[in-house]
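Enquirer: need coordinates for the below:
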Amino acid sequence: MAFGAALARARAPAHAGPLLLYLSGELGAGKTTLARGLLAGLGVAGPVRSPSYALVEVHRLASLTVVHADLYRLLDADELGPLGLRELYAPAHLWVIEWPERALAVLPEPDLHLELSIAVGSHRLRAIAAGPSGREWFAAAVELVRVSH
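Expert: This is a model prediction of the structure:
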């Protein structure tokens, strides 16, 4: 939750295009918890659930639209078409995609890909930044977490 909230605070408000965050990891690794912290940090009110059955939840905020997708139940990448994601690939949109490996062939390249795993007594996070915006976003979030502890 804390790192998700840090990602929310570290997000560049004037990002030119859509910002894409992919969350990978085994069941129970914390993908939805991280997404929940991010969404709460952005101002999404009320409980945030994993969109496992709907596959996609759209949260419209004052200056940002958050597209939260959980692709775990996806059987084929072609199933993404009817979900309307193409229309949501626009400026002032943040995509948070859980289980992106189910559709990597058709998804755009992420700005930041976080791989979550469970270690003995803790959770681990590995970041893969596809470009400068992802690297800067992750570094700023890490710094926010470091300062708060």
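Enquirer: relative to Leu55, how far out is Gly81?
Expert: Look at Gly81 and Leu55: by C-beta to C-beta, to the nearest Å, they are 12 Å apart. Heads up, the C-betas are built off the backbone N, CA and C, glycines and all.
Enquirer: higher neighbour count, the two?
Expert: Leu55 (18 against 10; other C-beta atoms under 10 Å).
Enquirer: residue contacts, that one?
Expert: Residues in contact with Leu55 (C-beta atoms under 8 Å, 6 or more residues apart in numbering) are 69-71, 73-74, 83.
Enquirer: looking at those residues, which is nearest Ala140?
Expert: Ala69 (23.9 Å; C-beta to C-beta).
Enquirer: ok so the closest one is a strand residue?
Expert: Yes. Under DSSP: H, G, I helix; E, B strand; the rest coil, Ala69 sits within a strand.
Enquirer: got a list of what it touches?
Expert: Contacts of Ala69 (C-beta under 8 Å, 6+ apart): 51, 55-57, 83, 85, 95-98.
Enquirer: can you tell me which of those residues are in strands?
Expert: Using DSSP state E, the subset of these located in strands is 56-57, 95-98.
Enquirer: which of those residues sits closest to Ala139?
Expert: Distance to Ala139 across the ones in strands among the contacts of Ala69 (C-beta to C-beta) is lowest for Val96, with 18.9 Å.
Enquirer: check what pLDDT that closest one gets.
Expert: Per-residue confidence (pLDDT) for Val96: 95.
Enquirer: count the neighbours of it for me.
Expert: For Val96, the count of nearby residues is 26 (other C-beta under 10 Å).
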